[in-house]
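Engineer: When you get a sec, could you give me coordinates for this:
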Amino acid sequence: MIAALNAQELGKRILVSFDDLPRDLANAVLAIEDKRFFEHRGIDFIGILRALRENIKQGEIVQGGSTITQQLVKDVFLTRQTLWRKLKEAYLALILELKLRKEEIFTLYCNEIYLGQSGRFSIQGLGQAARDYFGKDISQLILSEAALLAGLIQGPNRYSPYKNRDQAIARRNTVLDAMVEMGAIAKAQAEEAKSEGLKLAPPRKSADETGMPYFIDYVKEYLDKIVGADEMARISYRIYTTIDVQLQQAAHQAVTTQLKKLDEVFAKQNVPPGPLQAALVALDVRTGEVLAMVGGRSYADSQLNRATDANRQMGSAFKPFVYAAAFNEGRFTPVSRILDAPKVFYSQGEEYAPGNYGNGYSNREVTLREALVRSLNIVTVDLAQQAGLYRIAEIAERAGLPRPPLVPSIALGASQATPLEVASAYASFANGGLPVAPRPVRLIHSAGSESSYWNSFSLSPEQTRSRRVFSPQIAYLMTDIMKAVINEGTAASVRALGFNKPAAGKTGTSHDGWFVGYTPALVCVVWVGFDDNRELGLTGAQSALPIWVELRKKAIAIRPELGRDDFPVPGGITFAQIDPVTGLLASEYCLKTRKQAFISGTEPKAFCSSERHSIDIIVDSEEPEIPDRPTETGKAPSIWDN
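Structural biologist: Okay, here's the model as predicted:
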C-alpha cells in the first residue's frame, strides 16, 4: 500500500481485528491509557478523580482522565479543544458504549490512533506501527516492543525511537511498570523486557523520496472526477492504482541525478540550485496506465504537479503531428521534398519569418524525412501551410492535445500542453493510431459490498479509446522516421548514452527542454525548465534526454519485456531502397542508399539517374541536438512573441 486517503490527509494503515492483537500489546495499551476500560461505561469518574489528584500534587497537568472511548470519539468526530467539545466528547462516548461492544470500541481505537510519521505519511493504528517501527506483523511483537508502541500513544513525536531514543526507552519502561501494577505481567518479566535494547527496522524510504505524493495527488483528483468526492467520503474504498513502484523509484532517481548535474552547470552562471524543475510521465501505450509520474524535484518544497498542471510550449516536440497530418492528407510521402531556404510566411495579413537554428540552411530541396530527423523549421512551417493548419489542429486535438490556434507558429510548437497530455498524444504513434486516455486506477473496490457497482469498477482499454487519430500505416511511417531521429538525428545521444533497444522519439526545445521517446510498450515524456518560464538555454537533448535514457535502461532491467520487441509493421506498408538526396529509387549512381517505409502504392516509381553524388544530410551522432528554436536575424525569435 502506498497511501491511505482520509479527507485531506495522507496516512498508512494496516487494519487489525481484536483477535489479531497480542495479549501483551492489548494489556500494555490498557495499562498506560485506561486500566478500567472494561469496567466503566465510557466515562471513568474514578480515573478523573485520580488524574485530578495527581495533577494537583505535581502542580501541572501530568495525567488525563479521558477514557479510550472518549479518545476515540475525539479523534474521529471532534476537532477544536474547548470545554463545549469536552462535554460533547463525554456525551458521544456514552452513546458509543450503548451501540458497540467493548471489544469493537477497543479495536476501532487500536486502528485509529496516530503513532508518528513515516516520511510525509502518518502512521495510523498499531498494525501499521508494528510494520513501520519493527518490520513485523503485529502478531510477532514481543513484550518490550508492545510496551514501546503503547508508550507512543501519548506523544508519538516526543517518544519517537528514531529521534529521541532515550525518551522512548524511558516511556517504554513506564508502560512496563504500569503493566506490573495492573497485574498483567510479573515484575521479573518487566525487568527482563527493560534490559532489551531497541531493535528497530531501518526507516522505510518514504513515498516523498520517490516522488510518489505527486502521483497520489493525481489519483485523488482522478477519483473525485470518476467517483465523486462525496461518494469517496461516504464509503470506504480500496483503490488499486497502475503505478509500478520500481519504475517510479527509477524515474525519481533519474530526475534527481540529472537535476543535480544541471545545478552544477547553472551554478557556474550564478543560478542557485533548486529553481530548476523537471517532470516525467511514463504510460503503457496500449492501456494508458500511468506507470511512473514525477511532478517536480521535491514535493516538500513545491506541491505543483508539473506533470499534470504545468502547460508549457512544446517546441519541436509538436512537429510529428505536423508531418502526420501532412501524410494523412494524402499528397505527401516521407520522400516529398521542400526547399530548405529562408522564407517569409503570411497569415492574416502579418509576416512570419522563422529561421533554422543559427540561420543555417542547406539551400536545397530536402525530403520530409530529413526535415524531421534534422528538425528543420523552415521546411516544417512550409509543410504546415501546404497541408493545412486546420488539419494539424484536428490531428493534435484527436490525439489528446489542447487544440492549437490556426497560426503558422503552431508548426514549431508555440501552443502549450502538459507532459501528461504530450505522453497521451504520442501514445497514438506507438498504438497504431489509436488514442489512449491516461488513467492511474485499475480497480475500485468498495468495502463490504460485493454487489456494489464500484466493486467491479474497472476502466478497460476499450473505454479509453475514442475515434482513431490516424491509420496504423501513418502511425508506422511516423515511428519509422522517429526511429531515425534517435539513431542518427537530433536525439542520437540516446545511442551514445548506451540505450540500444528499439525506440522512436523527438526532442523539443522552447524556453524549456523536452524529450519524448517511446517503445512498443512504453511512452515516456520528460520536461525540464524553470517555473518562472525563464530561458533554459539548453536543448532538449542536453537537458531532458539523459533522464529518459537513465529511466529506460533501468526499466528494462526491472521489466525485460519493455525492451524485447521492435515495432510491428502493419499491413499496407512497403519498403523501398531509395536515394536519400533525391528521394527516388536508388540506382547505381547513388553512393548512399536508405531503406524507407511507404504506404503501399505511394513509393517512388522512378530511379535516380543523376551523376554520382554523396551529400551528408544527417547530423553526426556525437554532435549535440540541432536546437529547433526559430530565429530571425537581428531580433528575438518571433514564435515567442505570438
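
Engineer: Where is the longest helix in this structure?
Structural biologist: The residue-count maximum for a helix in the chain (DSSP state H) belongs to helix 245-267.

Engineer: any idea how far whatever helix or strand comes next after that one is from the chain center?
Structural biologist: Tracing the chain C-terminally past helix 245-267 and defining elements by DSSP states H and E, one meets strand 276-284 next. Centroid separation between strand 276-284 and its chain, computed with CA atoms, centre = their mean, to the nearest Å, is 6 Å.

Engineer: Kindly report the same for stretch 527-545.
Structural biologist: Counting by CA atoms, centre = their mean, stretch 527-545 is centred 19 Å from the centre of its parent chain.

Engineer: pLDDT averaged over it - what is it?
Structural biologist: Mean pLDDT, computed over stretch 527-545, is 92.

Engineer: Equivalent analysis for stretch 340-352, please.
Structural biologist: The average pLDDT within stretch 340-352 is 86.

Engineer: Kindly check the end-to-end length of it for me.
Structural biologist: End-to-end distance for stretch 340-352: 16 Å, by CA to CA, to the nearest Å.

Engineer: Can you name the residues in contact with it?
Structural biologist: 353-356, 359, 361-366, 371, 376, 378-379, 381-382, 385, 407-409, 638 (CB atoms under 8 Å, 6 or more residues apart in numbering). Backbone N, C-alpha and C define where each C-beta goes, glycine included.

Engineer: and stretch 162-173, which residues are buried?
Structural biologist: Of all the residues in stretch 162-173, those buried under the rule 16 or more other CB atoms under 10 Å are Ala168, Ile169, Arg171, Arg172, Asn173.

Engineer: Other residues contacting it?
Structural biologist: Residues contacting stretch 162-173 (CB under 8 Å, 6+ apart): 144, 147-148, 151-152, 154, 157-161, 194, 198, 200, 203.

Engineer: what do you get if the cut-off is 7 Å, keeping everything else the same?
Structural biologist: For stretch 162-173, contacts defined as CB atoms under 7 Å, 6 or more residues apart in numbering pick out Ser144, Ala147, Leu148, Gly151, Arg158, Tyr159, Ser160, Pro161, Lys194, Leu198, Leu200, Pro203.

Engineer: Please read off the pLDDT at the second one from the model.
Structural biologist: What that stands for is Ala147. 95.

Engineer: Please determine how far the closest residue in space to it that isn't next to it in sequence is located from Gln117.
Structural biologist: Excluding the flanking residues, the one nearest Ala147 by CB to CB, 6 or more residues apart in numbering is Val175, at 4.2 Å. The gap separating Val175 from Gln117 is 21 Å, by CB to CB, to the nearest Å.

Engineer: Please identify which of those two sits among more neighbours.
Structural biologist: Neighbours per residue, other CB atoms under 10 Å: of Val175 and Gln117, the larger number sits with Val175, 27 against 18.

Engineer: Can you classify the more buried one by secondary structure?
Structural biologist: With DSSP: H, G, I helix; E, B strand; the rest coil as the basis, Val175 sits in helix.

Engineer: My read is that it contacts Leu149, right?
Structural biologist: No - in this structure, Val175 is not within contact of Leu149 by CB atoms under 7 Å, at 9.0 Å.

Engineer: quick one: low-confidence ranges for the stretch 1-150 of the chain?
Structural biologist: Flagging of the stretch 1-150 of the chain using pLDDT under 70 yields the residue ranges 4, 6-12, 42, 44-65, 76-87, 89, 91, 119-121.

Engineer: same deal with the stretch 451-600 of the chain?
Structural biologist: The model of the stretch 451-600 of the chain has pLDDT under 70 over residues 451-466.

Engineer: still on that earlier bit, for ChimeraX, write the select line for the buried members of the contacts of stretch 162-173.
Structural biologist: In ChimeraX syntax, the buried subset of these is picked out as below (16+ other CB under 10 Å):
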select :144,147,148,151,159,160,161,200
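
Engineer: quick one: which of the contacts of stretch 162-173 is nearest to Lys99?
Structural biologist: Ranked by distance to Lys99 (CB to CB), the contacts of stretch 162-173 are led by Gly151 at 30.0 Å.

Engineer: Surely the closest one touches Ser160?
Structural biologist: No - using CB under 7 Å, Gly151 is not in contact with Ser160, being 10.8 Å away.

Engineer: what ranges do the helices span in the stretch 201-350 of the chain?
Structural biologist: Using DSSP state H, counting those that start in this stretch, the helices of the stretch 201-350 of the chain run over 212-226, 229-234, 245-267, 306-309, 319-329.

Engineer: most tightly surrounded among these?
Structural biologist: Of these, the one with the most neighbours on average (mean count of other CB atoms under 10 Å) is helix 319-329, at a mean of 25.

Engineer: Does anything pack onto it? Which helices or strands?
Structural biologist: Packing contacts for helix 319-329, counted by 3 or more CB pairs under 7 Å, 6 or more residues apart in numbering; DSSP states H and E, involve helix 368-373, helix 377-387, helix 389-399, helix 472-488.

Engineer: The longest helix of the chain - what's its average pLDDT?
Structural biologist: Taken as a whole, helix 245-267 has a mean pLDDT of 93.

Engineer: Could you give the separation of it from the chain centroid?
Structural biologist: Centre to centre, stretch against its chain (CA atoms, centre = their mean), the figure for helix 245-267 is 14 Å.

Engineer: Which elements pack onto it?
Structural biologist: Packing partners of helix 245-267 (3+ CB pairs under 7 Å, 6+ apart): strand 276-284, strand 290-294, helix 545-558.

Engineer: quick one: contacts of the shortest one?
Structural biologist: Under the contact criterion CB under 7 Å, 6+ apart, strand 290-294 has outside partners 211, 214-215, 218, 242-244, 247-248, 251-252, 255, 278-284, 307, 438-440.

Engineer: any low-confidence regions in the stretch 251-400 of the chain?
Structural biologist: Along the stretch 251-400 of the chain, segments meeting pLDDT under 70 span 272-274, 358.

Engineer: Turn the buried residues of stretch 162-173 into JSON lines, columns for secondary structure, distance to Val322 and pLDDT.
Structural biologist: Shown next, in JSON lines, are those (DSSP: H, G, I helix; E, B strand; the rest coil; distance: CB to CB, whole Å; pLDDT from 0 to 100):
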{"residue": "Ala168", "secondary structure": "helix", "distance to Val322": "63", "pLDDT": "93"}
{"residue": "Ile169", "secondary structure": "helix", "distance to Val322": "68", "pLDDT": "94"}
{"residue": "Arg171", "secondary structure": "helix", "distance to Val322": "67", "pLDDT": "95"}
{"residue": "Arg172", "secondary structure": "helix", "distance to Val322": "68", "pLDDT": "95"}
{"residue": "Asn173", "secondary structure": "helix", "distance to Val322": "73", "pLDDT": "95"}
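
Engineer: a markdown table for the helices of the stretch 201-350 of the chain, including distance to Trp527?
Structural biologist: Shown next, in a markdown table, are the helices of the stretch 201-350 of the chain (distance: least, CB to CB, whole Å):
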| stretch | distance to Trp527 |
| --- | --- |
| helix 212-226 | 13 |
| helix 229-234 | 29 |
| helix 245-267 | 10 |
| helix 306-309 | 7 |
| helix 319-329 | 16 |
